[in-house]
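*Asks:* only the shape, not the letters, is given here:
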């Protein structure tokens with residue numbers, strides 16, 4: 001079992017660190033929030049006084065932070081304090097350029113590195129069923145995979161530095177667009193007098209089938225485990241969807257790619273967020289779609 005430092009113990013990082021403890025690893029955790037540190041301690045992790053203290057002697061360091069600026073700030077602190085030849089994995093969802101800069105910093109200090117953003121939300125983090133999309137050298141990926149498998153059910157090597165972030169951005173752009181499409185279909189069905197269950201029974205086994213419909217249906221009833229059956233408690237908050245769609249638009253602009261549906265999805269989610277719904281699950285966008293008919 002490995003000695004693992006885990007920095008960033010929020011809604012995702014906390015459960016992920018707990019699963020590493022359950023797998024038998026020695027976990028040294030740190031977060032700026034006292035309550036998160038207390039929870040990590042209750043979950044069986046040792047708690048360090050600082051991020052630098054957490055990484056000293058660790059074979060693997062994992063970060064789970066809000067944005068690229070936070071990742072680079074923490075990596076600039078901890079990478080020089082790590083043991084040469086150790087491995088650092090970032091599971092945050094950040095911009096591709098920041099991810100590449102983080103890899104360069106690690107390489108400068110003789111540290112292996114992987115960008116490994118996740119899909120699966122808080123439920124997946126608790127259940128250890130996340131999907132990890134990994135970017136980095138093959139040797140670093142081979143070292144990271146057994147650790148990541150303690151927190152997820154699928155670990156994919158997507159390519160070199162930043163490729164994990166690229167895959168995550170593209171995946172979540174599909175997700176944002178498809179959830180709006182499914183929501184529009186249900187809103188139209190309601191106006192036409194068609195029941196939610198009837199539309200679900202047809203579309204879930206026809207050409208309209210997609211994950212946003214069959215696993216995360218935005219109306220109550222057809223998929224009991226979806227947030228629609230729990231007052232749209234996240235899950236994956238709408239504010240995070242705005243973040244990911246914005247990352248996708250920034251990447252598209254930098255790469256010279258045309259993503260008109262991705263841009264429109266970003267605009268729709270930004271309006272939903274601006275109306276005070278950033279903490280609502282992203283599938284709650286159906287509420288916004290319904291209101292559009294009244295404008």
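*Replies:* Here it is on my side, so go on. It should be emphasised that the depicted structure is a prediction, and the values quoted were computed from it without experimental measurement. Numbers count the residues shown, from 1 in each chain.
*Asks:* what kind of secondary structure is residue 88 in?
*Replies:* strand (DSSP: H, G, I helix; E, B strand; the rest coil).
*Asks:* surely it touches residue 59?
*Replies:* No: at 10.5 Å, residue 88 does not count as touching residue 59 under the criterion of Cβ atoms under 8 Å. No exception for glycine: its C-beta is placed from N, CA and C like everyone else's.
*Asks:* the two: which has the busier surroundings?
*Replies:* Between residue 88 and residue 59, counting by other Cβ atoms under 10 Å, residue 88 is the more crowded of the two (30 against 18).
*Asks:* tell me the bridge partners for that one.
*Replies:* Taking DSSP bridges as the rule, residue 88 bridges to residue 61, residue 113.
*Asks:* ok, now which ones touch it?
*Replies:* Residue 88 sits next to 60-63, 75, 78-79, 82, 106, 111-114 when contact means Cβ atoms under 8 Å, 6 or more residues apart in numbering.
*Asks:* one more time with 6 Å
*Replies:* By Cβ atoms under 6 Å, 6 or more residues apart in numbering, residue 88 lies in contact with 61, 106, 111, 113.
*Asks:* now residue 226
*Replies:* 216, 217.
*Asks:* tell me the pLDDT of it.
*Replies:* If you check residue 226, the pLDDT there is 96.
*Asks:* still on that earlier bit, by neighbours, which of the contacts of residue 88 wins?
*Replies:* residue 61 (29 neighbours).
*Asks:* how close does it sit to residue 74?
*Replies:* As defined by Cβ to Cβ, to the nearest Å, residue 61 lies at a distance of 9 Å from residue 74.
*Asks:* residue ranges for the strands of the stretch 1-150 of the chain, please.
*Replies:* 3-7, 26-30, 46-47, 60-63, 87-90, 112-115, 118-119, 130-135 (DSSP state E, counting those that start in this stretch).
*Asks:* same check, this time on the stretch 151-295 of the chain
*Replies:* 152-159.
*Asks:* I'd like to know how many residues surround residue 231.
*Replies:* Neighbour tally, residue 231, other Cβ under 10 Å: 10.
*Asks:* next one: residue 198
*Replies:* Residue 198 has 12 nearby residues by other Cβ under 10 Å.
*Asks:* over to residue 17?
*Replies:* Neighbour number of residue 17 under other Cβ under 10 Å is 32.
*Asks:* separation between it and residue 234?
*Replies:* Taken as Cβ to Cβ, the span from residue 17 to residue 234 is 20 Å.
*Asks:* kindly report the same for residue 72.
*Replies:* Residue 72 is 27 Å from residue 234, by Cβ to Cβ.
*Asks:* what about those two, which has more around it?
*Replies:* Legend: neighbour count by other Cβ under 10 Å for residue 72 and residue 234, higher for residue 234 (22 against 18).
*Asks:* wait, doesn't the more buried one sit right on residue 280?
*Replies:* No: the pair residue 234 / residue 280 is not scored as a contact, 7.0 Å apart, by Cβ atoms under 6 Å.
*Asks:* circling back: worst mean pLDDT among the strands of the stretch 1-150 of the chain?
*Replies:* strand 118-119 (a mean of 94).
*Asks:* partner strands of it, with direction?
*Replies:* Strand 118-119 has these strand partners (DSSP bridges): strand 130-135 (antiparallel).
*Asks:* between strand 152-159 and the partner strand, find me the angle.
*Replies:* 10 degrees (axes from the mean of the first three to the mean of the last three Cα atoms, to 10 degrees).
*Asks:* hey, where'd the helices end up in the stretch 51-200 of the chain?
*Replies:* 51-55, 68-78, 96-108, 121-127, 138-148, 163-191, 196-203 (DSSP state H, counting those that start in this stretch).
*Asks:* make TSV out of the contacts of residue 88 and add distance to residue 151.
*Replies:* Formatted as TSV, these follow (distance: Cβ to Cβ, whole Å):
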residue	distance to residue 151
61	14
106	20
111	21
113	18
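*Asks:* tell me, what residue is most central in the protein?
*Replies:* Most central in the chain under Cα atoms, centre = their mean is residue 118, positioned 4.4 Å from the mean C-alpha point.
*Asks:* the residue lying closest to that residue once chain neighbours are set aside: what's it in contact with?
*Replies:* Leaving aside its sequence neighbours, residue 118 sits nearest to residue 130 (Cβ to Cβ, 6 or more residues apart in numbering; 4.5 Å). Residue 130 makes contact with 118, 120, 124, 151, 152 under the criterion Cβ under 6 Å, 6+ apart.
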